[in-house]
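Asker: Show me how the following folds:
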Amino acid sequence: MTQTETAFTFSNADDYQLLGIIHNPSSSPQNAVGLLIVVGGPQYRIGAHRQYIHMARHCANQNIPTMRFDYSGIGDSEGSYPGFEHVTTDIHAAIDEFKKQCPELKSVALWGLCEGASALLLGGARHPLVSHIILANPWVRTEAGLAKAYVKHYYIDRLKSPEFWKKLTSGRFSFKNAISGFWNNLKSLFINPPSQNNVADSVTIDPRPFPDRMLTGLSNFQGPVLLIQSEKDLVAREFDDLISSDKQWKQTIHNKPLTRIDIAETDHTFSTEKWRSQVAEATADWILSFKP
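Answerer: Down below sits the predicted model:
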C-alpha cells in the first residue's frame, strides 16, 4: 500500500519551530482517529532501533494517519529541552498541527514509551482532541521504587539463573560486591526517604512527585487506555509493583477501560524486528477495534 510522508515545522507556545512528520495513508482513514507518537526522554522522532518509523509506517498502512515530532531542543527542533515533566505544551502544539494538517481527523490517540508515557499522563492527554492513550513501559522511577524492583525482581531472578550458580562454583563471584549492592538497595527501600528527583520545580503549581501527578492524569482521563508491558524490563516491573501495591493506583487501573498486553521476552525498547512488529500491530489493531 502506498503512503506519503510529509515533513514540516510548526510553532509551540514559546514560538520555537518544531519539526514534525506525518505518515498519510493512501486512502481516507477508516475511523478518523490519528496516532501521535510521543517520544521518551531526550530522544528524537526516530526512536531506539528506528521503532517510531516502523510503527508510523505500519499504522499508516492500516489507514491510520500517524505523526512523529521532535520536542523543543531535540533533533531538528529549536529551543531547549525542558524535561519530560514539562513537554505538555509541545504535545498540545503537535496535536493542533496534526489536526491542521489532517482536518478529517475527529480525534487523536497518543502513544508514549517510558518517559513519553509519563508525559501523556502529566498533561499531554488533557488536550480535548485526545480520545485514546497507549502507555508502553511507563516511567515511575523513584529511588525507593527502584530499590524495591531490584530486591523483588533482579536478585530473585539471579538466584534462578544457571549462569549465577556457575559463576559461584567457579570462584568468579564477588560476595563483597554483591552484598554491598544488596545492602544499598535495602537501605534505599527501608531507610532512605523517597527521592524527590524529577519533582516539579518552583514554577510548577503542583509540587507533588511526578508519579502522583501521573495518577491524577490517569484518573481524569475518560477514554480507553492500552498498556503495553515488556516481560524483561525493570521499568515495566517498577510500574507493575506500583499499581499492585498502591491502593489508589490499583483502584484507578481497575476502574478504567484499560486493555493490557504483555509481550514475551521483550526488553525496554522492543529492540528486535519481531518485537517492534508486535508492538506496532498491537497498537494498530487496538485503535481500529473502536468503531468510528
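Asker: Beyond the helix or strand encompassing Asp241, next helix or strand please.
Answerer: Here Asp241 sits within helix 234-245, counting by DSSP states H and E. Next helix or strand after helix 234-245 toward the C-terminus (DSSP H and E): helix 247-255.
Asker: Following the chain past that next one, name the next helix or strand.
Answerer: Following helix 247-255 toward the C-terminus (DSSP H and E): strand 258-263.
Asker: quick one: strands adjacent to that next one?
Answerer: Looking at strand 258-263 with DSSP bridges, its partner strands are strand 225-230 (parallel).
Asker: quick one, the strand it pairs with and helix 247-255 angle?
Answerer: Using axes from the mean of the first three to the mean of the last three Cα atoms, to 10 degrees, the inter-axis angle of strand 225-230 relative to helix 247-255 is 110 degrees.
Asker: Tell me how many other residues crowd Glu273.
Answerer: Other residues within reach of Glu273, judged by other Cβ atoms under 10 Å, total 11. In this view, the C-beta of every residue, glycine as well, is placed from N, C-alpha and C.
Asker: Same question for the one 4 residues further on.
Answerer: Ser277 sits with 14 neighbouring residues when counted by other Cβ under 10 Å.
Asker: Also the one 5 residues further on?
Answerer: Using other Cβ under 10 Å, the number of residues around Ala282 comes to 17.
Asker: counting contacts, what elements does whichever strand or helix holds it pack onto?
Answerer: In the assignment (DSSP H and E), Ala282 maps to helix 273-288. Helix 273-288 is packed against strand 33-38, helix 51-61, strand 130-136, strand 225-230, strand 258-263, with contacts defined by 3 or more Cβ pairs under 8 Å, 6 or more residues apart in numbering; DSSP states H and E.
Asker: which outside residues touch the longest one?
Answerer: Judged by Cβ atoms under 8 Å, 6 or more residues apart in numbering, the contacts made with helix 51-61 from elsewhere in the structure are 1, 3, 21, 23-25, 35, 37, 39, 45-47, 66-68, 111, 113, 269-270, 276-277, 279-281, 283-284, 287.
Asker: Packed most tightly, which of the helices and strands packed on helix 273-288 would that be?
Answerer: Neighbour counts (mean count of other Cβ atoms under 10 Å) averaged over each of these peak at strand 33-38, with a mean of 26.
Asker: helices or strands up against that one?
Answerer: Partner elements for strand 33-38 (3+ Cβ pairs under 8 Å, 6+ apart): helix 51-61, strand 66-69, helix 88-101, strand 107-113, helix 115-121, helix 273-288.
Asker: which residues touch Ile263?
Answerer: 228-231, 270, 275, 278-279, 282.
Asker: roughly how far apart are it and Gly217?
Answerer: According to Cβ to Cβ, to the nearest Å, Ile263 stands 24 Å off from Gly217.
Asker: what does Thr259 give?
Answerer: Between Thr259 and Gly217 the computed distance is 18 Å (Cβ to Cβ).
Asker: Quick check: bridge partners of Ile134?
Answerer: Assessed by DSSP bridges, Ile134 has beta-bridge partners Trp111, Leu226.
Asker: hang on, it packs against Ala280?
Answerer: No. With contacts counted by Cβ atoms under 8 Å, Ile134 stays clear of Ala280, the gap being 11.1 Å.
Asker: for the nearest residue to Asp262 once chain neighbours are set aside, what are its contacts?
Answerer: Distances taken as Cβ to Cβ, 6 or more residues apart in numbering put Gln229 closest to Asp262, at 5.0 Å, once the chain neighbours are dropped. Contacts for Gln229 (Cβ under 8 Å, 6+ apart) come out as 136-137, 236, 239-240, 260-263.
Asker: Go through those residues and say which is closest to Pro128.
Answerer: Ala136 (23.6 Å; Cβ to Cβ).
Asker: Relative to Gln101, how far out is that closest one?
Answerer: 25 Å.
Asker: likewise Ile22?
Answerer: Going from Ile22 to Gln101 by Cβ to Cβ gives 5 Å.
Asker: Now list whatever residues contact both of these two.
Answerer: What both Ile22 and Gln101 touch, as defined by Cβ under 8 Å, 6+ apart, is the set 6, 8, 67.
Asker: can you pick the most crowded of the residues you listed?
Answerer: That'd be Met67 among the shared contacts of Ile22 and Gln101, by other Cβ under 10 Å, with 26 neighbours.
Asker: need the contact list for the nearest residue to Ala48 once chain neighbours are set aside.
Answerer: Using Cβ to Cβ, 6+ apart and skipping residues adjacent in sequence, the residue nearest Ala48 is Thr269, 4.0 Å away. By Cβ under 8 Å, 6+ apart, the residues touching Thr269 are 47-49, 51, 113.
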